[in-house]
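Undergrad: no FASTA, just this:
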């Protein structure tokens, strides 16, 4: 009897299990939970980093063209040229208007001969305006209040691409202070250089050819093999490995299976310009010899070296100081401390990357020091901007500066 009850109980459990399984199969499958974060910018994910290709490279053939012209500015208040060449040029210009004047008729200090320069960007259309720079050629003292007469602007091929005309602006002049008051510091722009307010007017367009056959060429602004390889990999992921090739450290090629239409080409360029790549860069130190500004990347390293220059002596000197004994705070012990004369801060160690001089006028650089460490030590030495340039050049010649040195 007990065995029969046990068998029936097992059968009931199996029946319930089969019913539950049948009910589960009849229910719709649950949808997986979405964990992806939608990006606010089309084509970019929230985890994207790096630099856009738009900011890393240019399209081969898309470039600016320089324009130049020589013209006349009139309407000056006695600040024009005193040379006879300006009068002769004005006379020739008036002759093109079928007007004849003698040299004595045109003698004036209200006229100046100027040079006009502008850059014609790619895709500039007929009627577009170009920012224009105007500078004196003769001995005029100011272009303030002048008006530029119509002047053609030509490119290197001698063809006229734009025409400049209009009032000349030389920018701010006078005293400036808070809330428009005149109690501030005087500021004066260079009055022999100005800009044309309306800008030059484009008269001729420069044709731009984007494709070379069925290929689009990209040129890196900073040539680097590592960056070129990374850009090629990003393009391959977006367009296919067979369509991308890196020719050298600065040139990459994107091929098309068939000649694209104008719309397809624009869409392809827009797509590739939004791709992001982490560019590599050379270890480089840039020094401005006029201001003493030193800029260096974090990857720059300097080997151990000793420097002596122009009798400079490191003013960060060890000093004895009494401090509480860590083992017994009631007692004082003598300890060597280092005083920074720039910040007046004391430290138990010398400045990072440097050692105190063994011989006056020298200081030692520890292995693995950074440019920031060296600049700090040189400032403590009282080095001038030209001293910084000479010292870093000597460190590079000694083979201790593992970076490219650029002096501005």
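TA: Happy to help now that I have it. This is a predicted model, so every value here is computed, not measured.
Undergrad: all helices for the stretch 101-250 of the chain, in order.
TA: In the stretch 101-250 of the chain, helices defined by DSSP state H, counting those that start in this stretch lie at 225-239, listed in chain order.
Undergrad: That one: strands as residue ranges?
TA: Counting by DSSP state E, counting those that start in this stretch, the stretch 101-250 of the chain has strands at residues 112-120, 129-130, 132-136, 147-154, 160-169, 173-175, 186-188, 193-196, 200-202, 211-212, 215-220, 244-246.
Undergrad: Next, the buried residues of the third one.
TA: Which is strand 132-136. 132, 134, 136 (16 or more other C-beta atoms under 10 Å). C-betas here are computed from N, CA, C, even on glycine.
Undergrad: from memory the first one sits against residue 115, does it?
TA: No: in this structure residue 132 lies outside contact range of residue 115 using C-beta atoms under 8 Å: 10.8 Å.
Undergrad: Switch the strands of the stretch 101-250 of the chain over to JSON lines; also include mean pLDDT and distance to residue 270.
TA: Below are the strands of the stretch 101-250 of the chain laid out as JSON lines (pLDDT from 0 to 100; distance: least, C-beta to C-beta, whole Å):
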{"stretch": "strand 112-120", "mean pLDDT": "94", "distance to residue 270": "24"}
{"stretch": "strand 129-130", "mean pLDDT": "94", "distance to residue 270": "25"}
{"stretch": "strand 132-136", "mean pLDDT": "94", "distance to residue 270": "31"}
{"stretch": "strand 147-154", "mean pLDDT": "94", "distance to residue 270": "32"}
{"stretch": "strand 160-169", "mean pLDDT": "94", "distance to residue 270": "28"}
{"stretch": "strand 173-175", "mean pLDDT": "55", "distance to residue 270": "44"}
{"stretch": "strand 186-188", "mean pLDDT": "58", "distance to residue 270": "43"}
{"stretch": "strand 193-196", "mean pLDDT": "90", "distance to residue 270": "33"}
{"stretch": "strand 200-202", "mean pLDDT": "95", "distance to residue 270": "25"}
{"stretch": "strand 211-212", "mean pLDDT": "88", "distance to residue 270": "15"}
{"stretch": "strand 215-220", "mean pLDDT": "93", "distance to residue 270": "12"}
{"stretch": "strand 244-246", "mean pLDDT": "92", "distance to residue 270": "17"}
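Undergrad: Could you say which one of these comes nearest to residue 62?
TA: Among the strands of the stretch 101-250 of the chain, strand 215-220 comes nearest to residue 62, with 9.4 Å by C-beta to C-beta.
Undergrad: Paired strands for that closest one, with orientation please.
TA: The pairing partners recorded for strand 215-220 under DSSP bridges are strand 57-59 (antiparallel), strand 211-212 (antiparallel), strand 251-255 (antiparallel).
Undergrad: mind putting those in CSV, mean neighbour count and distance to residue 141 included?
TA: Listed next are those as CSV, based on neighbours: other C-beta atoms under 10 Å; distance: least, C-beta to C-beta, whole Å:
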stretch, mean neighbour count, distance to residue 141
strand 57-59, 19, 41
strand 211-212, 14, 51
strand 251-255, 19, 49
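Undergrad: show me the contacts for residue 109.
TA: Counting by C-beta atoms under 8 Å, 6 or more residues apart in numbering, residue 109 touches 76, 78-82.
Undergrad: Same question for residue 66.
TA: Contacts of residue 66 (C-beta under 8 Å, 6+ apart): 117-120, 155-156.
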